[in-house]
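# Give the three-dimensional model of this entry:
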Amino acid sequence: VSADVAAKVRIQYGGSMKAANAKSLLSQPDIDGGLIGGASLKPEFFDCVNGVPGV
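As a prediction, the model looks like this:
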């Protein structure tokens, strides 16, 4: 895969993302987003969103 193609590919983390690990996961250079799932049903979910710059 060329660097140009790799730069255009977006990777969504599909594991268990929650407030406790979102910042470390989304700060990885090759992870562009995440699937929150059941964590979004809890008020702490907003800590996940607010704790990550650019979200």
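# Going by C-alpha atoms from here, please, whenever you check contacts or count neighbours.
Fine.
# residues in contact with residue 11?
The contact partners of residue 11, by CA atoms under 8 Å, 6 or more residues apart in numbering, come to 30, 31, 32, 33.
# Name the nearest residue to the third one, sequence neighbours excluded.
Here the nearest residue to residue 32 in space, its sequence neighbours aside, is residue 11; by CA to CA, 6 or more residues apart in numbering that works out to 5.3 Å.
# how far away is the one you found from residue 4?
15 Å (CA to CA, to the nearest Å).
# just residue 28 next, same as before
Going from residue 28 to residue 4 by CA to CA gives 19 Å.
# same question, residue 29
Using CA to CA, residue 29 is found at 15 Å from residue 4.
# Endpoints of stretch 8-21, how far apart?
End-to-end distance (CA to CA), stretch 8-21: 25 Å.
# Any buried residues in it, and which?
Using 16 or more other CA atoms under 10 Å as the test for burial, stretch 8-21 gives 13, 17, 18, 19.
# so of these, which ones are in strands?
Residues of the buried residues of stretch 8-21 located in strands (DSSP state E): residue 13.
# So which of the buried residues of stretch 8-21 is the closest to residue 41?
Distances from residue 41 to these, taken as CA to CA, are shortest for residue 18 (10.8 Å).
# wait, the closest one sits on residue 42?
No: applying CA atoms under 8 Å, one finds residue 18 not in contact with residue 42, separated by 9.8 Å.
# Run through the residues that contact residue 33.
Residue 33 touches 11, 12, 13, 26, counting by CA under 8 Å, 6+ apart.
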